[in-house]
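> below are the sequence and a predicted model; questions follow.
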Amino acid sequence: MKNIQLDITKATQFLQADAIAAYEPKVKAAQEALENGTCPGNDFLGWLHLPSSITPDFIGELNATAQVLRENCEVVVVAGIGGSYLGARTVIEALSNSFQWLLNDKKNPVILFAGNNIGEDYLAEMCAYLADKKFGVINISKSGTTTETALAFRLLKKQCEDQRGKDMARKVIVAVTDAQKGAARTTADKEGYKSFIIPDNVGGRFSVLTPVGLLPIAVAGFDIAQLVAGAADMEKATAVDVPFMENPSAVYAACRNALYAEGKKIEILVNYQPKLHYLNEWWKQLYGESEGKDQKGIFPAAVDFTTDLHSMGQWIQDGERTIFETVISIEQPNHKVLFPSDDENLDGLNFLAGKRVDEVNKMAELGTQLAHVDGGVPNMRLSVPVLNEYYLGQIIYFFEKACSISGNLLGVNTFNQPGVEAYKKNMFALLNKPGYEKESEAIRARLNK
Ligand SMILES: O=P(O)(O)OC[C@H]1O[C@H](O)[C@H](O)[C@@H](O)[C@@H]1O
């Protein structure tokens with residue numbers, strides 16, 4: 001089977017001829033540090049050989065739990081934030097019908113996401129929607145203590161128990177969390193929920209191929225064995241013994257770092273399929289939290305084209321030349337729509353009659369790439385044969401491996417995120433959380449100045 005393909009030729013034209021090759025020894029060292037567990041953050045390398053280590057029995061256990069939820073729920077709410085949310089949403093939205101929530105075909109439960117914001121209206125409206133639904137909940141949190149998720153789960157647990165009774169609630173609430181610590185674990189054990197463990201050595205943003213992503217994706221009706229198979233094939237294609245120029249993750253990591261060294265401080269991930277919007281969001285967390293530290297790191301931005309060509313296109317074509325783009329291109333759509341001919345041709349579009357919509361999309365993509373390159377924006381392109389579980393697995397692992405190499409090239413600890421705590425500390429101080437008395441006093445004094 002064909003793999004996803006990375007083309008960097010429209011990026012390297014902005015670099016010295018030997019710029020990518022010069023990275024080979026550094027990339028090799030980065031890969032060896034990962035393999036040997038000698039890189040910073042080496043207690044978080046559980047994702048590295050995860051795909052090839054997932055057994056059919058484990059997939060079977062996940063599918064069996066998914067089946068219990070599918071049989072007993074019209075709606076399943078997936079509660080989680082960051083790495084405990086974005087991977088599942090990426091795959092589910094990429095593979096679902098774009099109008100899934102309107103179809104009401106009862107083939108699959110409606111999947112809703114909660115615990116990823118603190119919007120009171122969001123929660124109120126979701127709870128109102130659930131009021132007459134047979135719903136279940138997957139409560140996902142590695143730490144088990146994340147405020148956004150815990151808040152939503154408290155509401156959902158109560159509503160589920162009130163509506164469906166304690167016994168049924170116990171059947172349709174599943175926890176994905178730490179083996180021992182955290183409030184989510186305590187609650188799951190006390191209530192007797194089915195639970196899955198997030199391995200200690202897999203950080204949130206690298207956890208989509210653990211039950212964090214696999215369980216919701218299976219509940220939504222997708223083939224998690226194929227997702228894992230795609231990732232496992234990419235694990236092989238990016239292995240330490242694959243020659244540098246044949247390893248897409250190595251080349252991507254090298255190219256983005258070479259561009260960064262030339263002052264290209266912002267990378268824009270681009271898609272031409274609205275279903276890939278959440279791939280943008282997942283990728284932003286993966287690269288943003290991994291690399292944005294020690295006052296360095298490429299800023300990960302993202303756009304959905306052609307939609308955003310009509311809003312951000314001007315900036316990209318003509319704004320400050322500090323950007324480069326990485327385009328995800330899906331070679332074959334899953335459906336076929338031909339432009340109809342029209343006798344009156346009032347819109348002047350008869351020149352497109354008989355053509356597939358995707359042909360127009362592809363010409364938009366090519367035309368945009370050429371225009372942006374002409375405008376001084378280096379472009380990489382990741383070509384994906386078709387949007388399915390298998391290739392999403394490849395894409396996920398490709399980006400994870402590249403991120404770990406890239407962070408190493410940048411000289412940061414790819415696997416921590418100390419900066420995220422700053423807002424939490426202030427929020428808890430402002431909310432008078434027990435244990436934050438000193439911080440509460442200090443922050444109030446600062447605000448009253
Ligand atoms: O899974 P959790 O422990 O609830 O964490 C969810 C997310 O929030 C944290 O604040 C981190 O910044 C993320 O890396 C993490 O994915």
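Perfect, thanks for sending it.

> rest of the way, CA atoms for contacts and neighbours
Noted.

> what helix or strand is K284 on?
helix 277-291 (DSSP states H and E).

> for stretch 345-354, give me every contacting residue.
Stretch 345-354 is contacted from outside by 338-342, using C-alpha atoms under 8 Å, 6 or more residues apart in numbering.

> send the alpha carbons of stretch 168-182 over as CSV?
Taking C-alpha atoms only, stretch 168-182 is exported to CSV below (Å, rounded to 0.1, in the frame of the first residue of the first chain):
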residue,chain,number,x,y,z
MET,A,168,-27.4,2.2,34.0
ALA,A,169,-25.1,5.2,34.7
ARG,A,170,-22.5,2.8,35.9
LYS,A,171,-22.7,0.9,32.7
VAL,A,172,-22.5,3.9,30.3
ILE,A,173,-19.9,6.0,32.1
VAL,A,174,-16.3,5.0,31.2
ALA,A,175,-13.1,6.6,32.6
VAL,A,176,-9.8,6.9,30.7
THR,A,177,-7.3,8.1,33.2
ASP,A,178,-4.2,7.4,35.3
ALA,A,179,-3.8,3.9,36.8
GLN,A,180,-3.7,5.3,40.4
LYS,A,181,-3.8,9.0,40.9
GLY,A,182,-6.3,11.8,40.3
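
> mind listing residues that contact it?
Counting by C-alpha under 8 Å, 6+ apart, 68-69, 72-73, 135-145, 157, 160-161, 184-186, 188, 191-200, 211-212 sit against stretch 168-182.

> of these, which belong to strands?
Residues of the contacts of stretch 168-182 located in strands (DSSP state E): 135-141, 194-197.

> ok, E389 - contacts?
91, 95, 222-224, 226-227, 230.

> coming back round to it: so which of the contacts of stretch 168-182 also contact the ligand?
With C-alpha under 6 Å from any ligand atom as the criterion, these include 141-144 near the ligand.

> circling back: helices or strands up against the helix holding K284?
Under the contact criterion of 3 or more C-alpha pairs under 8 Å, 6 or more residues apart in numbering; DSSP states H and E, helix 277-291 touches helix 86-95, strand 266-271, strand 299-304, helix 389-410.

> could you dump the contacts of stretch 345-354 into CSV with pLDDT and distance to Q285 added?
Converted to CSV, the contacts of stretch 345-354 look like this (pLDDT from 0 to 100; distance: C-alpha to C-alpha, whole Å):
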residue, pLDDT, distance to Q285
L338, 97, 37
F339, 95, 38
P340, 95, 41
S341, 96, 44
D342, 96, 46
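
> residues from the stretch 301-449 of the chain in reach of the ligand?
Going by C-alpha under 6 Å from any ligand atom, the residues of the stretch 301-449 of the chain near the ligand are V420.

> strands of the stretch 301-449 of the chain, residue ranges please.
323-332, 379-386 (DSSP state E, counting those that start in this stretch).

> need those in JSON lines with distance to V270, mean neighbour count and mean pLDDT, can you?
Below are the strands of the stretch 301-449 of the chain laid out as JSON lines (distance: least, C-alpha to C-alpha, whole Å; neighbours: other C-alpha atoms under 10 Å; pLDDT from 0 to 100):
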{"stretch": "strand 323-332", "distance to V270": "5", "mean neighbour count": "20", "mean pLDDT": "98"}
{"stretch": "strand 379-386", "distance to V270": "9", "mean neighbour count": "20", "mean pLDDT": "98"}
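
> K284 is nearest to which of those strands?
strand 323-332 (12.4 Å; C-alpha to C-alpha).

> which ones are touching the residue of the stretch 251-400 of the chain found nearest the ligand?
For the stretch 251-400 of the chain, the residue closest to the ligand is E289, as judged by C-alpha to the nearest ligand atom, at 6.9 Å. Counting by C-alpha under 8 Å, 6+ apart, E289 touches 414, 416-417.

> same thing but at 6 Å, please
Contacts were defined as C-alpha atoms under 6 Å, 6 or more residues apart in numbering; by that measure E289 touches Q417.

> which pLDDT value belongs to it?
We have a pLDDT of 98 for E289.
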